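Asker: Provide a 3D model corresponding to the input given below.
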Amino acid sequence: MASVPLKITVLGSGTSMGVPTLGCPCRVCGSNDPHDKRLRPSLLISRDGQHVVIDTTPDFRQQALRVGLDRLDAILLTHGHADHILGFDDIRPFNLRQRAALPVYSNEETFRIIRRVFAYVFDDKPTLSTVPSVKLIVANSPVELLGIPFIPVPMLHGDMEVLGFRFGRAAYLTDFSTVPDSSMALLQDLDELVLDALRDTPHPMHQTVDQALALIQQLKPRRAWFTHIAHDLPHAETNERLRQMGFPHVQLAYDGLQFEVQPDAVDVASREQREAPSRVTLVEDPSSRRLATFTSSQAWASRYATYGHASVLAIGNFDGIHLGHQAILRATVERAQALNAISTVLTFDPSPRKVLRPESAPLRLSTIAQRMEWFNALGIEAAVVLPFTLDLARLSPEEFVEQILVRDLRVKAVLVGENFHFGHKQAGNVKLLKELGAKSGFEVVIISPVEYHGEVVSSTIIRREIAEGDVSHAGRLLGRPFALTGDVVVGTGTGHKFTFPTLNLAAEQELLPARGVYITRTVLDGEKCSHRSVTNIGVRPTFNGSSLSVETHLLNFQPETTPKRIEVRFWERLREEKKFNGPEELRAQIASDIARANQFFSRLRRSRSLRNASVSASRS
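Answerer: Alright, predicted model coming up:
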């Protein structure tokens, strides 16, 4: 691939309002010259069947259709202004066709804007429609795309930090007013330079024609193209003016302009950066992809079956997603990869027992949101959360398989546990499922129960342990600490007044641990790291309380503002709740609880350090 040149296509060369500008009677906006028709500024770089786009403008869909773009491998964003990002939602067809999240490279400021403008992409809420699936990657240094390094070039757009990009012997610098000296070194020895030249009259955030020409004289590229062009500059006239000024190698770019550049950059600075390892900061886990969620099998079909995709399916309630569930889900992901299918979970809300036999339905360990998060973490691509209704319950096993599994979900394989039952009155079992699979052409894989220290892992046992307060044992069976999530609500103020300040959690889970005091870790809304904490579940008997509450005290940390939501992870129970003789006695006990919690975490840290040291020694 080393000798394959880069193909550059200018998707748009206009300013933020485009040319023609709405309602403008000027001669450029009314021009019949197709070169004076300018969409918002964007660039396509292609090589060996792969494509990278710089900026997803409001015109991105039109631009992609015009050039027949059928694949997209990465997106580079120069900054977060509307004329450069508002086509972000139009990347969805590439997600669907390529079945992968797209890497998006830019700086932190741009990603803050992206998360705000396109909040629905990042809020992890189930949706009936598709949303873009992306990995946001902060580009602090060169990143390899199309087999070559793409070098970010920091610039200023007024007082806003923006990025240009160098790729091989070409560079693209749109929307800037200043190029710092440190970035000038990245722009030496160019064959092609595409740069901002808005108009002749000054603008506080853009280059004028004269300023752009001065920069070209400094950098001395073989050829230069102006972009982000306002309706002040008629194409043919401006090019002739540039020729007469002694710049025959400088022209206005135009929509659809194409040229090729060599991929190798020969200047010393670029070579050193190319040979250095690429250091990028992942804003989101690189192994994670956004889980697609649906509330009907037909919705799954409209997204995937339309493009010829089939599924490998795990079916179950998956309450808590314990070690046994995880075995089924990991096997589903592996089987889907082997069969080139969509790894999918089919689950139900509410649980079938809550609809059919509500008096005996168990309290649920987890919320739908938690399950979606854990499905995603295990690599599942899609989840169908069927509303469990009496109509659904009346489907016979044969109808359930034919209508949902075969017709809609196009199953290639179904993975279930040994005790799986389905259909009206739970008449279907794994034996019948295998028979129906043989008739309909899909494989049935039965996953054996998982045992932990001789005990079969089940949601029933985990519920019992949590209800009795043995959160340590429950965590071992879950494969992670049991967690409560929910909003922070206003408490009675007792903690702040008499003992220690607490965050009061309105738990979303149906099942709470037994009343008592627990060693926990708490994650605040908007953060990824957890904080040491002690949590009390009870009725505050010392103060004659009557309502059950979940109160968490953060150790060695106090947030500046009260978070809206928290997650509390339960590690170990310290003691039962008890009534004390007064606030002083209670305060002393809480201080003792805090000391024991800190000792627990210190032991845990030492244990992990010793284990890591042992592993390192064995490897060496």
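Asker: got any ranges where this protein has weak pLDDT?
Answerer: By pLDDT under 70, the weakly predicted segments of the chain are 1-3, 127, 264-289, 491-499, 542-546, 608-620.
Asker: for it, list the residue farthest from the centre, please.
Answerer: Distance from the C-alpha centroid of the chain peaks at residue 244, with 51.6 Å (Cα atoms, centre = their mean).
Asker: ok, it to residue 237 distance?
Answerer: To residue 237, residue 244 is 11 Å away according to Cβ to Cβ, to the nearest Å. C-betas here are computed from N, CA, C, even on glycine.
Asker: quick one: the helices in the stretch 301-450 of the chain, in order.
Answerer: With DSSP state H, counting those that start in this stretch as the criterion, the stretch 301-450 of the chain has helices at 323-339, 352-356, 368-377, 390-393, 397-399, 430-440.
Asker: which stretches in the stretch 451-600 of the chain count as helices?
Answerer: Remark: helices assigned in the stretch 451-600 of the chain by DSSP H, counting those that start in this stretch are 459-467, 471-478, 494-498, 583-619.
Asker: need those in a markdown table with mean neighbour count, can you?
Answerer: Shown next, in a markdown table, are the helices of the stretch 451-600 of the chain (neighbours: other Cβ atoms under 10 Å):
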| stretch | mean neighbour count |
| --- | --- |
| helix 459-467 | 18 |
| helix 471-478 | 21 |
| helix 494-498 | 14 |
| helix 583-619 | 12 |
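Asker: looking at the ones you listed, which is nearest to residue 119?
Answerer: Taking Cβ to Cβ, helix 471-478 is the member of those nearest to residue 119, at 30.5 Å.
Asker: run the angle between the closest one and helix 459-467 for me.
Answerer: Here helix 471-478 runs at an angle of 160 degrees relative to helix 459-467 (axes from the mean of the first three to the mean of the last three Cα atoms, to 10 degrees).
Asker: phi, psi for the residue farthest from the centre of the chain please.
Answerer: For residue 244, the backbone dihedrals (degrees, to the nearest 10) come out as phi -70, psi -30.
Asker: quick check: it vs residue 218, distance?
Answerer: 22 Å.
Asker: how much space between the closest residue to residue 577 other than its chain neighbours and residue 588?
Answerer: Here the nearest residue to residue 577 in space, its sequence neighbours aside, is residue 538; by Cβ to Cβ, 6 or more residues apart in numbering that works out to 3.7 Å. From residue 538 over to residue 588 the distance is 18 Å, taken as Cβ to Cβ.
Asker: can you classify the closest residue to residue 190 other than its chain neighbours by secondary structure?
Answerer: Counting by Cβ to Cβ, 6+ apart, residue 221 is the residue found nearest to residue 190 once chain neighbours are left out, at 3.9 Å. At residue 221 the chain is in coil, as set by DSSP: H, G, I helix; E, B strand; the rest coil.
Asker: name all residues that make contact with the residue nearest to residue 577.
Answerer: 515, 516, 545, 548, 549, 577 (Cβ atoms under 8 Å, 6 or more residues apart in numbering).
Asker: isn't the fourth one up against residue 536?
Answerer: No - with contact defined as Cβ atoms under 8 Å, residue 548 and residue 536 do not form a contacting pair (10.7 Å).
Asker: which one's more surrounded, those two?
Answerer: Higher neighbour count among residue 548 and residue 536: residue 536, with 23 against 12, using other Cβ atoms under 10 Å.
Asker: for that one, name its beta-bridge partners.
Answerer: In this entry, residue 536 is beta-bridged to residue 517, residue 551, by DSSP bridges.
Asker: any idea how far it lies from residue 500?
Answerer: According to Cβ to Cβ, residue 536 and residue 500 sit 10 Å apart.
Asker: near the closest residue to residue 402 other than its chain neighbours, how many other residues are there?
Answerer: Nearest residue to residue 402, sequence neighbours excluded (Cβ to Cβ, 6+ apart): residue 440, at 7.3 Å. Using other Cβ under 10 Å, residue 440 is surrounded by 14 other residues.
Asker: got the contact list for residue 440?
Answerer: Counting by Cβ under 8 Å, 6+ apart, residue 440 touches 401, 402, 405, 406.
Asker: who wins on neighbours among these?
Answerer: residue 401 (25 neighbours).
Asker: doesn't residue 433 make contact with it?
Answerer: Yes - in this structure, residue 401 is within contact of residue 433 by Cβ under 8 Å, at 7.4 Å.
Asker: now the strands for the stretch 201-350 of the chain?
Answerer: 223-227, 250-252, 258-261, 281-282, 292-294, 311-315, 342-349 (DSSP state E, counting those that start in this stretch).
Asker: if you compare those, which one is most tucked away?
Answerer: Among these, strand 311-315 has the highest mean neighbour count (mean count of other Cβ atoms under 10 Å), at a mean of 29.
Asker: residues in contact with that one?
Answerer: 300, 304, 328-329, 332, 335-336, 339, 341-347, 380, 382, 405, 409-416, 420, 422.
Asker: try stretch 387-403
Answerer: 295, 297, 348-352, 354-356, 386, 404, 422-424, 427-428, 432-433, 436-437, 440.
Asker: end to end on that stretch, go ahead and measure it.
Answerer: Taking Cα to Cα, to the nearest Å, the first and last residues of stretch 387-403 lie 15 Å apart.
Asker: off-centre distance for it?
Answerer: Centroid separation for stretch 387-403 versus its chain: 33 Å, with Cα atoms, centre = their mean, to the nearest Å.
Asker: buried ones in that stretch, by neighbour count?
Answerer: By neighbour count on 16 or more other Cβ atoms under 10 Å, the buried set for stretch 387-403 is 388, 393, 395, 397, 398, 400, 401, 402.
Asker: one more: stretch 500-509?
Answerer: Residues of stretch 500-509 classed as buried by neighbour count (16+ other Cβ under 10 Å): 500, 502, 503, 504, 505, 507, 508, 509.
Asker: in the sheet, which residues pair with the fourth one? Tell me.
Answerer: Beta bridges link residue 504 to residue 489, residue 551 when assigned by DSSP bridges.
Asker: give the contact list for it.
Answerer: 488, 489, 490, 491, 549, 550, 551, 552.
Asker: good, wrapping up.
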